[in-house]
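Colleague: Give the three-dimensional model of this entry:
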Amino acid sequence: MVTNELTFYLAAAVLLILTVESCVKLLKRDSVGIAVAVYVTVFAWYFVDPFLNPEEYGCLPPFLLGQSYGQVLLFLVGFRVALPAATRWILSRRNTGVLAAMQRLTPEQILLAAGTIWILLFAIGIARMGGDVIGAVFPVDGRAGVTMWGRGAVESSATGFLIASAAYVFSAVTAFLGVLVFFQRTRFWRRVAGAMFAITLPYFFFQGARSAFLAAILPFIITYLLYGRHRLVIRFVILAVAFICLDQGFRFVTAFRNTGFRELLAAKNPYELVDEGLPQLGLNMIEELCFVNAYLDSGDTSPAYGARYLNELLNFVPRAIWPSKPLLGVDYAMWRGFESDEGDLGVTTTVASGMIGGGVLNFGQILGPVAAGILMAIWIGLLIRWWEQRKSLLRFGLFMVGASLTFNLGRDITLLVLWPVIFAYFFVRLAEIWATRRFDSRPQLGAVTAANTGSVQVVRAG
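Modeller: Presented below is the predicted three-dimensional model:
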């Protein structure tokens, strides 16, 4: 058991100290406290599962567990040491177009732009479903059926690239809508934003990808916690209820996403169909880190010296242009025993190695965790930059989308996680460029206040 390993206690102690440090900085309104998102991610992915599923760790050699928690410790130290330099470097970059957008774009204008993209993508998705609106919004067959943006695991056509891009844009726009709900100045526009957001959520839930659902809903939840109109105590209570609902909902997703939810929806008592002892699965990145170390020790692979990260970075190139594009993570999945002659990938499933395991596969068992920590430090530096620019509603929305993806990065540091925020960034930059070119004179400023936590400057309608 992990509690027998000294490195477990060392890593846990450092994690606790760093978490307290970040919380204190947040109370002092120091933006560097945003690093707490990484510490929460490390805790969830590397410290929770051994206590939820202890039987899975009984067969692991103690030296692997000790080594893996030692690498968690290296990751935390590397991240904390690299964070100040990464933050200074990113904050020194020029703020192109932010002031213009802050002064010239109203929340309603931003909502109209995001809503237009949402309507266009929703219409395309429905068309891909043969006009089945209900099936598009409620894909109750889960992974066993078709969805608006479903495609093959390995697409060699240009349309596969376009479908994947549209799916990421749809996720980004949905997350943005969840943020915009709280900043509309009239009840009508709040209802419009809320309606579009609510209509989309069932799609993300029933398609069976928990990470996609979290990416869509977490910006709404976090924005409500910060800017909701209820008293702070009530907001925390609602947040606790939301967490319980997510926990229970994901149990049903885990149990039924591969076979569909029709039987579940028809049941009088859905809980009768789910084993009461069914734990949350998938948070086992410390277990995967043990397997990653065993994979390297076996001699079947060697550190890629950044090649795996490079493949992740170049994964956006369509297979129609790059037919021999590497398949991400397939070699590791085969070594883990998921090889199969069926399907396009040659495996029954791909296996995430975790943000620390990915670093180990790239740069080895010592430098790998440090490299992963540096990458996460750069990511947090970028989030801090967007948070510092939060007087622009566009940049605030960008921060919320990015912050919500941090948890998913715990499963893998990959563009497959970050594409929604990348597309959101393109949307923000286009809006800022349009605002800069559209208005020649500085308009009268107003202020839209969300709850009692600050204000977002916007232009008065005129």
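Colleague: State the number of residues packed around Thr159.
Modeller: For Thr159, the neighbour count with other C-beta atoms under 10 Å is 11. All C-beta spots, glycine's among them, are computed from the backbone N, C-alpha and C.
Colleague: Could you check the pLDDT of it?
Modeller: We have a pLDDT of 74 for Thr159.
Colleague: That one and Ala166: what is the separation?
Modeller: Remark: distance between Thr159 and Ala166 (C-beta to C-beta, to the nearest Å) = 10 Å.
Colleague: and Phe430, how far is that from Ile117?
Modeller: For residue 430 the amino acid is Leu, not Phe. When distance is defined by C-beta to C-beta, Leu430 is 11 Å away from Ile117.
Colleague: which one of the two has more residues nearby?
Modeller: Neighbours of Leu430 and Ile117, each counted by other C-beta under 10 Å, are more numerous for Ile117; the result is 17 against 12.
Colleague: Could you give the separation of the strand or helix carrying that one from the chain centroid?
Modeller: Assigned by DSSP states H and E, Ile117 belongs to helix 107-128. How far helix 107-128 lies from its chain's middle: 21 Å, per C-alpha atoms, centre = their mean, to the nearest Å.
Colleague: cool, and stretch 218-232?
Modeller: 18 Å.
Colleague: Can you point out the buried residues in that stretch?
Modeller: Residues of stretch 218-232 classed as buried by neighbour count (16 or more other C-beta atoms under 10 Å): Leu218, Pro219, Phe220, Ile221, Ile222, Thr223, Tyr224, Leu225, Leu226, Tyr227, Gly228.
Colleague: Next: stretch 189-208.
Modeller: For stretch 189-208, burial by neighbour count (16+ other C-beta under 10 Å) applies to 189-190, 192-194, 196-197, 200-201, 203-208.
Colleague: who touches that stretch?
Modeller: Contacts with stretch 189-208, where a contact means C-beta atoms under 8 Å, 6 or more residues apart in numbering, come from 107-108, 111, 115, 118, 122, 136-140, 142-143, 147-148, 150, 170-171, 174, 177-178, 180-181, 184, 212-213, 216-217, 220, 249, 253, 257-258, 261.
Colleague: Does Gly373 touch Val72 like I think?
Modeller: No. Between Gly373 and Val72 no contact is recorded; they are 10.1 Å apart, counting by C-beta atoms under 8 Å.
Colleague: so what pLDDT did the residue most central in space within the chain get?
Modeller: In the chain, the centroid-proximal residue (C-alpha atoms, centre = their mean) is Leu405; its distance is 2.3 Å. pLDDT for Leu405: 93.
Colleague: That one against Leu415, yeah?
Modeller: No. Leu405 lies out of contact with Leu415 (C-beta under 8 Å); the separation is 11.0 Å.
Colleague: Report the rounded mean pLDDT for stretch 53-60.
Modeller: 83.
Colleague: Name the residues of it that are buried.
Modeller: Buried residues in stretch 53-60, counting neighbours by 16+ other C-beta under 10 Å, are found at Tyr57, Leu60.
Colleague: Also stretch 232-240?
Modeller: For stretch 232-240, burial by neighbour count (16+ other C-beta under 10 Å) applies to Arg235.
Colleague: Now do the closest residue in space to Asp300 that isn't next to it in sequence, the pLDDT please.
Modeller: Spatial nearest neighbour of Asp300, excluding adjacent residues (C-beta to C-beta, 6 or more residues apart in numbering): Trp335 at 5.9 Å. With respect to pLDDT, Trp335 scores 85.
Colleague: Next up, the contacts around Trp335.
Modeller: Applying C-beta under 8 Å, 6+ apart to Trp335 gives the contacts Tyr295, Ser298, Asp300, Thr301.
Colleague: Would you mark the buried spots in stretch 241-258?
Modeller: Within stretch 241-258, the residues that qualify as buried are Ala242, Leu246, Phe250, Arg251, Phe252, Val253, Thr254, Ala255, Phe256, Arg257, counting by 16+ other C-beta under 10 Å.
Colleague: Could you give the number of residues near Gly145?
Modeller: Neighbours of Gly145 using other C-beta under 10 Å come to 15.
Colleague: wait, what's in contact with it?
Modeller: Gly135, Pro139, Gly260.
Colleague: any idea which of those residues is least confident?
Modeller: When the contacts of Gly145 are sorted by pLDDT, the bottom entry is Gly260 at 79.
Colleague: Which residue comes closest to that one once chain neighbours are left out?
Modeller: Spatial nearest neighbour of Gly260, chain neighbours left out: Asp141 (4.1 Å); criterion: C-beta to C-beta, 6+ apart.
Colleague: any idea how far that neighbour is from Gly208?
Modeller: Counting by C-beta to C-beta, the gap from Asp141 to Gly208 is 10 Å.
Colleague: Give me the three-state assignment for Ala352.
Modeller: What DSSP: H, G, I helix; E, B strand; the rest coil gives for Ala352 is coil.
Colleague: meant to ask about Trp322, not that
Modeller: Following three-state DSSP, the label given to Trp322 is coil.
Colleague: For it, which non-adjacent residue is spatially closest?
Modeller: Closest residue in space to Trp322, ignoring its immediate chain neighbours: Leu314 at 7.8 Å, by C-beta to C-beta, 6+ apart.
Colleague: quick one on the thing from earlier: list the buried residues for the helix holding Ile117?
Modeller: The neighbour-count check on helix 107-128 (16+ other C-beta under 10 Å) flags 107-111, 113-115, 117-118, 121-122, 124-126, 128 as buried.
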